[in-house]
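Visitor: Quick one, structure for this:
(chains A and B)
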Number of protein chains: 2
Amino acid sequence: MSKQADDRLCCSPVVREPLGAEQAVSLARVFKAIGEPVRLRLLSLIASHEGGEACVCDLTGAFELSGPTISHHLKVLREAGVIEGERRGTWIYYRVNPETLRLVSDSLSPASAVTA
Amino acid sequence: MSKQADDRLCCSPVVREPLGAEQAVSLARVFKAIGEPVRLRLLSLIASHEGGEACVCDLTGAFELSGPTISHHLKVLREAGVIEGERRGTWIYYRVNPETLRLVSDSLSPASAVTA
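Guide: Have a look, this model is predicted:
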């Protein structure tokens, strides 16, 4: 356990005081959604894609998974508020919801406040 | 979607480039462990407890759950590397593994590097 890591996490909201039950439910929902390797990679692929958005057509090539399986994982991410989808023509284009990522990142980062 | 949140997350490792499959497995394991409200509250209770450590005896009062159920959740957190346990006398004392929290926090935070 490094002293540096201890210092960095000294003041994160999760570490500073016990989380309330409602706040825990709200945060856990997002952690659960991204707590699956395919969904975490989908999140990363969408976020790092050109223009910050991607359609299923851009994503399926990265996985040996069927279209419906990819769509299921996208639905879980969307229902947890991690990504947002917008239909344009034939495809739904997904982008990351930065507010949600900020919320969960801040919950573990020092010197920040959780507002959930 | 606020401009500020966009800026803050512009450079997080997850957003910057597609996560590799192994890195995704490693990170998802931790997110899954804390993606459950009771476990997230346990993590927070342990981290914010006096001296940064707590035994089951300090934790059960916060939940309407049996000792064995609390112990099960602690085991999941321990197996994911989120907390560490040390037996002293009758009790096992748990503390947060700051390296693990730093890793997952950094993965979503801007201007940082993931080393998993």
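Visitor: Could you use CA atoms for every contact and neighbour count after this?
Guide: Noted.
Visitor: what residues are up against the spatially most central residue of chain A?
Guide: The centroid of chain A falls nearest to A:Val82 when counting by Cα atoms, centre = their mean (4.5 Å). For A:Val82, the contact set (Cα atoms under 8 Å, 6 or more residues apart in numbering or on different chains) comprises A:Val30, A:Ala33, A:Leu43, A:Val96, A:Asn97, A:Pro98, A:Thr100, A:Leu101.
Visitor: Report the two of those residues separated the most.
Guide: A:Ala33 and A:Pro98 (15.0 Å; Cα to Cα).
Visitor: now, which of the contacts of A:Val82 lie close to chain B?
Guide: Among those, the ones lying near chain B by Cα under 8 Å from any Cα of the partner chain are A:Val30, A:Ala33, A:Leu43, A:Asn97, A:Pro98, A:Leu101.
Visitor: of all those residues, which comes closest to chain B?
Guide: Distance to chain B, by Cα to the nearest Cα, is smallest for A:Pro98 among these, at 5.6 Å.
Visitor: how deep is the closest one tucked in, by neighbour count?
Guide: 23 (other Cα atoms under 10 Å in any protein chain shown).
Visitor: For it, report the pLDDT, please.
Guide: Note on A:Pro98: pLDDT of 87.
Visitor: Where does pLDDT dip in chain A?
Guide: Applying pLDDT under 70 to chain A flags residues A:1-12, A:110-116.
Visitor: Please enumerate the strands of it.
Guide: Here chain A has its strands, by DSSP state E, at A:53-55, A:83-88, A:91-96.
Visitor: So A:Ile92 is in contact with A:Glu84, correct?
Guide: No. The pair A:Ile92 and A:Glu84 fails to qualify as a contact (Cα atoms under 8 Å) at a distance of 9.6 Å.
Visitor: Who has more neighbours out of these two?
Guide: Each of A:Ile92 and A:Glu84 has its neighbours counted (other Cα under 10 Å); A:Glu84 has more, 19 against 15.
Visitor: show me what contacts that one?
Guide: A:Arg78, A:Tyr94, A:Arg95, A:Val96, A:Asn97.
Visitor: go on, A:Ala28?
Guide: B:Ile34, B:Gly35, B:Glu36, B:Pro37, B:Leu40.
Visitor: And A:Phe63, its phi and psi?
Guide: phi -130, psi 150 (degrees, to the nearest 10).
Visitor: give me the number of residues near it?
Guide: If you count neighbours by other Cα under 10 Å, A:Phe63 ends up with 13.
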